[in-house]
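> Just to be clear, the model below is a prediction. Sequence and coordinates:
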Amino acid sequence: MAFGDASWHRERVARLTCREHERNPLRQETARNEGQALRGRAIEPLRVIDDAQKRLLLGNLGEQAEDRQSDQERIWSWSGVESECGGKGVALGPREVLGELGVTGWPKTSGGAGLHVYVRIEPQWGFGELRRAAQAFAREVERRVPDLATTTWWRKDRDPALVFVDYNQNTRDHTIASAYSVRGVPEATVSTPITWDEIDDIDPRQFTIATVPARFAKLGDLHQGIDDSAWPLDTLLEWAERDKLD
């Protein structure tokens, strides 16, 4: 892939999804979508991916499914890392908890103002168990750095000076930007894998379609080893029981 004038890429990326869908709309089939039903939403048809062009389109959006009845990845999202407290101090909480669990977490920027941490899990857990485990982890982080992090769900009840740890990204049918996906904004920011040690120094806005190729060429894929190990949820589910989480 060649990268030329950045302004051309920014304009094209911001409109790519809509244009590709207009030219080659995805065929739809009705299927039970349990997540929508549980949230009281109308059951919508699902899109069918049946050729290479559509796979490439959704690949950039980070869509992947092998078994929709279980999950293989746990995600925590930090919102507001550009605030005064930033993601700097708060990142020490999850890193410490993951270390105690003996689990490897893979951080990346969201492509916006947030930070995501991926953890591969054994594909035996349902989405309900996954969300409870993620919530238990988030609560533990909040306990350790209460002056930096919050799990308060409603924005109106949340201290704007705190970083929101969003465990609900693990709910069934939620989507999230994949690593190296380009966001549909004028700056064409990229959701970029980073190291834990970089969190104190990086600005998520510095990673764009114009700058990430050189970073990748220099550092390689910082998430290359993410599939080498998968982790159980037993300890986190014990914490969920301890905290009486739904």
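Yep, it's here. Numbering: from 1, shown residues only.
> in this structure, which spans are helices?
6-23, 34-38, 52-61, 92-101, 127-144, 212-219, 234-242 (DSSP state H).
> Would you mind checking the average pLDDT for the third one?
Spelled out, that is helix 52-61. Average pLDDT, helix 52-61: 67.
> what's the weakest-modelled helix or strand in the protein?
Taking mean pLDDT, DSSP states H and E as the measure, the chain has helix 6-23 as its least confident helix or strand, at a mean of 40.
> quick one: low-confidence parts of this structure?
By pLDDT under 70, the low-scoring segments of the chain are 1-48, 56-90.
> quick one: the longest strand anywhere in it to helix 234-242, angle?
In the chain, assigned by DSSP state E, the strand with the most residues is strand 115-125. If you take axes from the mean of the first three to the mean of the last three C-alpha atoms, to 10 degrees, strand 115-125 sits at 100 degrees to helix 234-242.
> Put the alpha carbons of strand 115-125 into CSV.
C-alpha atoms of strand 115-125 as CSV (Å, rounded to 0.1, in the frame of the first residue of the first chain):
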residue,chain,number,x,y,z
LEU,A,115,-7.3,3.9,25.3
HIS,A,116,-8.2,0.2,24.8
VAL,A,117,-6.7,-2.8,26.4
TYR,A,118,-7.2,-6.2,24.8
VAL,A,119,-6.9,-9.5,26.5
ARG,A,120,-7.3,-12.9,24.8
ILE,A,121,-9.6,-15.3,26.7
GLU,A,122,-10.4,-18.9,26.4
PRO,A,123,-13.4,-19.3,24.1
GLN,A,124,-15.6,-21.1,26.6
TRP,A,125,-17.2,-18.1,28.2
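> Spatially nearest residue to His223, not counting backbone neighbours?
Spatial nearest neighbour of His223, chain neighbours left out: Pro193 (4.6 Å); criterion: C-beta to C-beta, 6 or more residues apart in numbering. For every residue, glycine as well, the C-beta is placed using N, CA and C.
> The one you found - how many residues pack around it?
25 (other C-beta atoms under 10 Å).
> Could you do Ala188 as well?
Ala188 has 24 nearby residues by other C-beta under 10 Å.
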